[in-house]
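*Asks:* Predicted model and sequence follow; I will ask about them next.
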Amino acid sequence: MDRVDRVDRTGWTGWTGPGGPGGPDREQRKSNKTGRLPAVRVDALERLGMVWSHPDHVFNAGPSMARAYYAVHGHLAAGHDAVVDGYPVGTGLANRRREARLAVGSQGALSDARKAALADMDPFWCPARPLVWQRHYILLKRYLAAGGPVETEPGHMIAGEDVGAWLAHQLSHWDTFDEEQRRLLAELGVTPSGGGIQSAPRLPQDHKFIRNPAPAAAYAQREGHLNVPRKHIEITDGAEIKLGIWISNQRSRRARLHPQRIKALDQLGMHWN
């Protein structure tokens, strides 16, 4: 395993060994920084994979994995055990959050530029509230945005999480949450007086609307549009989805569709006429 592999798999916290900050390369870095290292030696070391600025190299390795995690999950509230392609992105993000909470200017504190880089991916990458709260919130938000049926009862599972129980807890402990949490919940229609998510009319259960937006999105990304021929069948995970008929049915039923479902289809690039 080369030096870069060791750096990439440490969770952005540094590494030990011959190429590490305390190894024999340390003097080479010091000489290069002061301008005492001959150019020919600089070139030779760089061809061997020399890392001149260890902190910058380590930080730059992490965000690419964080972006990959965000692309799948929609948040950076990763648990400690989260891994992307073998990279411990959860540990790396935990380290960045710890550094971000240090006093500005203190040793080991995360710079403003690095905080901004992570905030550009996810404004809530370092929330004051527990990470598990943020993960459940995003699960519910994405589920509703995709047109999922509203369900507030405990035992309603989304991606292996009991979001129904989580939501019931929010309603019963509303007064314990900070202003930002209440605002985020209210954006989803969650209010303490309503007993759950307020939507009128209530979304009926529809397993096809839960299943079919993903194949529709795949088709739109591949073809550049959502004008699906009526006879088209999309193959997803080995299953045949009669996507053309389903899209045609949504168009013909637009007047009766729930607003959340219309919005979900609009986001896919639906042409209603």
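*Replies:* Cool, got the structure.
*Asks:* Contacts made by stretch 215-232 with the rest, please.
*Replies:* With Cβ atoms under 8 Å, 6 or more residues apart in numbering as the test, stretch 215-232 has contacts from 234, 236, 241, 243-248, 265, 268-271. Quick note: C-beta positions are derived from backbone N, CA and C, even for glycine.
*Asks:* ditto for stretch 135-146
*Replies:* In contact with stretch 135-146 (Cβ under 8 Å, 6+ apart) are residues 73-75, 77, 79, 150, 158-159, 161, 163, 166-167, 184-185, 188, 197, 210, 213, 260, 263-264, 267.
*Asks:* circling back: return the item of the contacts of stretch 215-232 having minimum pLDDT.
*Replies:* Minimum pLDDT for the contacts of stretch 215-232 is recorded at T236 (78).
*Asks:* tell me the contacts of that one?
*Replies:* Neighbouring residues of T236 by Cβ under 8 Å, 6+ apart: A214, P215, A218.
*Asks:* at 6 Å instead, please
*Replies:* T236 makes contact with P215, according to Cβ atoms under 6 Å, 6 or more residues apart in numbering.
*Asks:* Next, it: phi, psi?
*Replies:* Per-residue torsions, T236: phi -130, psi 120 (degrees, to the nearest 10).
*Asks:* Okay, and the residue positioned nearest the centre of the chain sits in which element?
*Replies:* Central residue of the chain (Cα atoms, centre = their mean): Y70, 2.4 Å from the mean position. Element membership of Y70, judged by DSSP states H and E, is helix 54-73.
*Asks:* helices or strands next to the helix or strand following that helix in the packing?
*Replies:* Sequence-wise, the next helix or strand downstream of helix 54-73 (DSSP H and E) is helix 89-100. Counting contacts by 3 or more Cβ pairs under 6 Å, 6 or more residues apart in numbering; DSSP states H and E, helix 89-100 is packed against helix 54-73.
*Asks:* Try it again at 8 Å.
*Replies:* Packed against helix 89-100, as judged by 3 or more Cβ pairs under 8 Å, 6 or more residues apart in numbering; DSSP states H and E, are the following elements: helix 54-73, helix 112-121.
*Asks:* Now do the strands in the stretch 101-250 of the chain.
*Replies:* 157-158, 161-162, 190-191, 196-197, 234-236, 239-241 (DSSP state E, counting those that start in this stretch).
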